[in-house]
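Visitor: Predicted model and sequence follow; I will ask about them next.
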Amino acid sequence: MSTEENKALVRRFYEAIDRGDLAAMDELVAEDYIDHSPPPFRGLAPGREGLKQAFRMFWEATPGHHRIEDQIAEGDKVVTRMTAYGKHEGDLPGAPRTGNELKMTAVTIHRIENGKLAEKWSDKDALGFLQQIGVIPRLAPPDQG
């Protein structure tokens, strides 16, 4: 696949997630998918099934959408800088529903093999996300005294 086709595959992946279309994962993601930075939830299956479990959990608890800011591709890898928006409408493990609006930035690298997403590495604003869902308190502004 060309680098443009690889970028389009990653865009289709996020569009499917935004629609809540987890069935599309069978077409877009390799069965033995490796997530090098998975969500910190126990009991997720390995591979594509674990990815589907995690996204189902997030879709139900924090529905929203992704905005792709930038994409760079070379060879079999696509780097995507994005912002995810949502609302904490349901419980997550260790984080009861807050109703808070959510915004999280991320940079993700996907490796494509045989026309499917095969591996993922990501760097997300996990601290900001955990603060927004009430797991970690927000820091008080510095004293202006």
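Guide: All right, it came through fine.

Visitor: what's the helix or strand for Pro40?
Guide: Applying DSSP states H and E as the criterion places Pro40 outside every helix and strand.

Visitor: Next, count neighbours for it.
Guide: 10 (other C-beta atoms under 10 Å). In short, each C-beta sits where N, CA and C put it, glycine included.

Visitor: so how far is Arg19 from it?
Guide: According to C-beta to C-beta, to the nearest Å, Pro40 and Arg19 sit 26 Å apart.

Visitor: before we move on, what about Gly86?
Guide: Gly86 is 14 Å from Arg19, by C-beta to C-beta.

Visitor: Same check on Leu51?
Guide: 16 Å.

Visitor: Which parts of the protein are helices?
Guide: 3-19, 25-28, 47-61, 126-132 (DSSP state H).

Visitor: which stretch among those comes nearest Ile72?
Guide: helix 3-19 (8.5 Å; C-beta to C-beta).

Visitor: Just name whatever secondary elements the closest one is in contact with.
Guide: helix 25-28, strand 64-74, strand 77-87, strand 101-113, strand 116-124 (3 or more C-beta pairs under 8 Å, 6 or more residues apart in numbering; DSSP states H and E).

Visitor: can you do 7 Å?
Guide: helix 25-28, strand 64-74, strand 77-87, strand 101-113 (3 or more C-beta pairs under 7 Å, 6 or more residues apart in numbering; DSSP states H and E).

Visitor: if we can go back for a sec, would CSV of the helices of the chain with distance to Asp70, mean neighbour count and mean pLDDT be doable?
Guide: Below are the helices of the chain laid out as CSV (distance: least, C-beta to C-beta, whole Å; neighbours: other C-beta atoms under 10 Å; pLDDT from 0 to 100):
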stretch, distance to Asp70, mean neighbour count, mean pLDDT
helix 3-19, 10, 17, 97
helix 25-28, 20, 16, 98
helix 47-61, 22, 17, 95
helix 126-132, 19, 17, 93
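
Visitor: Nearest approach to Thr108 belongs to which of these?
Guide: Among those, helix 3-19 sits nearest to Thr108 (C-beta to C-beta), with 8.1 Å.

Visitor: Run the angle between that closest one and strand 77-87 for me.
Guide: Put simply, helix 3-19 runs at 20 degrees to strand 77-87, going by axes from the mean of the first three to the mean of the last three C-alpha atoms, to 10 degrees.

Visitor: Alright, I will stop here.
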